[in-house]
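[1] Give me a model of this one.
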Amino acid sequence: MILISACLAGLKVRYNGTDSLDEKIQQLVRENAAVTVCPELMGGFTTPREPAEIIGGDGEDVLDGKACVVEKSGRDVTELYVKGAYMTLQKAIEVGASTVILKEYSPSCGSAVIYNGDFSGTKLAGVGVTTALLKRNNITVLSEENYTDFLKNP
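    Next comes the predicted model:
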């Protein structure tokens, strides 16, 4: 079983109430080959919600207590992001997922690139909080930008 970011399957759960539909990913869900998750909703957020970015590092640093996740208005929401990451890990374990496909650039789900924390649209190399936790638990994390080779050779 594969876990997939709910927004990639067409569910309108992103911070601004939109989705990031990928039709191949949506098809996996329809075929019961994948289960959707949204770490941010699992952590206690609602849709829509204020945009948030990691300040002071990436998801690894958040888990290590060296960085935080902050909404654009300045509210620290680190605890909710960490909670969502652990709930996603629990779900991955429950369904036996060894691979997860998550939304790139997200402070939860980014697998290679995230926003830099100044809300300017600038990106940097790094992982989101959920990705960091999943990788620490030997779960492969891919994004909508690099999953197609995996589907050819799972």
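
[2] Can you show me the strands along this structure?
    Assigned by DSSP state E, the strands in the chain fall at 2-5, 34-37, 52-55, 68-71, 99-102, 113-115, 123-125, 140-143.

[3] Just put these in CSV and tack on mean neighbour count and distance to V77.
    (Glycine included, C-beta is placed from N, CA and C.) Output for those, formatted as CSV (neighbours: other C-beta atoms under 10 Å; distance: least, C-beta to C-beta, whole Å):
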stretch, mean neighbour count, distance to V77
strand 2-5, 26, 18
strand 34-37, 22, 18
strand 52-55, 24, 6
strand 68-71, 20, 5
strand 99-102, 26, 18
strand 113-115, 22, 14
strand 123-125, 12, 20
strand 140-143, 20, 21
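
[4] can I get these in CSV with distance to A132?
    Below are the strands of the chain laid out as CSV (distance: least, C-beta to C-beta, whole Å):
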stretch, distance to A132
strand 2-5, 15
strand 34-37, 16
strand 52-55, 10
strand 68-71, 12
strand 99-102, 11
strand 113-115, 10
strand 123-125, 13
strand 140-143, 9
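
[5] Quick one: residues contacting V127.
    58-60, 110-112, 114, 135, 141 (C-beta atoms under 8 Å, 6 or more residues apart in numbering).

[6] For I4, give its distance to D76.
    Here I4 is placed at a distance of 28 Å from D76 (C-beta to C-beta, to the nearest Å).
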